[in-house]
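**Q** Below: sequence and its predicted model.
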Amino acid sequence: AQTVTQSQPEMSVQEAETVTLSCTYDTSESDYYLFWYKQPPSRQMILVIRQEAYKQQNATENRFSVNFQKAAKSFSLKISDSQLGDAAMYFCVHNTNAGKSTFGDGTTLTVKP
Amino acid sequence: GAVVSQHPSWVICKSGTSVKIECRSLDFQATTMFWYRQFPKQSLMLMATSNEGSKATYEQGVEKDKFLINHASLTLSTLTVTSAHPEDSSFYICSARNEVRNTEAFFGQGTRLTVV
């Protein structure tokens, strides 16, 4: 079984500043994937960044990067140069090889102008 | 554009009636699709795994006779909420993965169900 824990229900950041969202997980899988998804008010799930567990290198996608610590089962998301459009609920997600997703409880990010 | 299409995006139905929600993978085949439920300001909870050509696998606590799942083709899974009650009102989301390309799961747009 898998569990995903996001310990920050709400976070806020000043526009143009940097913010880090925390995520820890537990898994019985030897091979898995980790994702951060963004869910704006429209409720459409939008992929932010993806990390294959077998890769040691941290994934980076423009202003978004992760700090993946496999041994510690930690997968934090750093958003640099925050923009107003980044405001949303962010979910940390564990995926098995079969595609089954386990979601954290989410972190609501507010960006202050 | 969307690679997983979910329909309808919202529906209002009367108590006691049934409502069907469709989830289609648009440009890939998926032997497995997933159905999630999301309450306001909460996380997504997996309800069931839809398997093409066989019975769905339901998570603990999910009534299989209430939430009927049919995965009749490699591009379509349907969730039917039977004899709907107001407590079934929720946001339902499906997902599917391109198993050949081993991609991440793509999510449908979601369906907001309101039972009155």
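**A** The structure has been received and is ready for your questions. Just so it is clear, the model here is predicted, and its values are computed rather than measured.
**Q** which residues sit in contact with the spatially most central residue of chain A?
**A** By C-alpha atoms, centre = their mean, the mean C-alpha position of chain A lies nearest to residue A:36, the distance being 3.1 Å. By C-beta atoms under 8 Å, 6 or more residues apart in numbering or on different chains, the contact set of residue A:36 is A:21, A:23, A:47-49, A:64, A:66, A:75, A:77, A:90-93. All C-beta atoms are positioned from the backbone trio N, CA, C, and that covers glycine.
**Q** Tell me the residues on chain A that lie near chain B, please.
**A** A:33, A:35, A:37, A:43-45, A:47, A:50, A:89, A:91, A:95, A:98-106, A:108 (C-beta under 8 Å from any C-beta of the partner chain).
**Q** quick one: what helix or strand has the residue nearest to residue B:7 when sequence neighbours are not counted in it?
**A** Nearest residue to residue B:7, sequence neighbours excluded (C-beta to C-beta, 6 or more residues apart in numbering or on different chains): residue B:22, at 4.8 Å. In the assignment (DSSP states H and E), residue B:22 maps to strand B:19-25.
**Q** quick one: contacts of the following helix or strand past that strand?
**A** Remark: after strand B:19-25, the chain's next helix or strand is strand B:32-38, criterion DSSP H and E. Contact partners of strand B:32-38, identified using C-beta under 8 Å, 6+ apart, comprise A:43, A:98-101, B:23, B:25, B:44-52, B:67, B:69, B:71, B:77, B:79, B:90-97, B:99, B:105, B:110.
**Q** Sort out which of the residues you listed are buried, if you could.
**A** Among these, the ones that count as buried by 16 or more other C-beta atoms under 10 Å in any protein chain shown are A:43, A:99-101, B:23, B:25, B:44-50, B:52, B:67, B:69, B:71, B:77, B:79, B:90-97, B:99, B:105, B:110.
**Q** so where's chain A uncertain?
**A** Within chain A, no stretch falls below the threshold (pLDDT under 70).
**Q** for it, what spans make up the strands?
**A** Assigned by DSSP state E, chain A shows strands spanning A:3-5, A:10-14, A:19-21, A:24-26, A:33-39, A:46-52, A:60-61, A:64-69, A:74-79, A:88-95, A:101-103, A:107-112.
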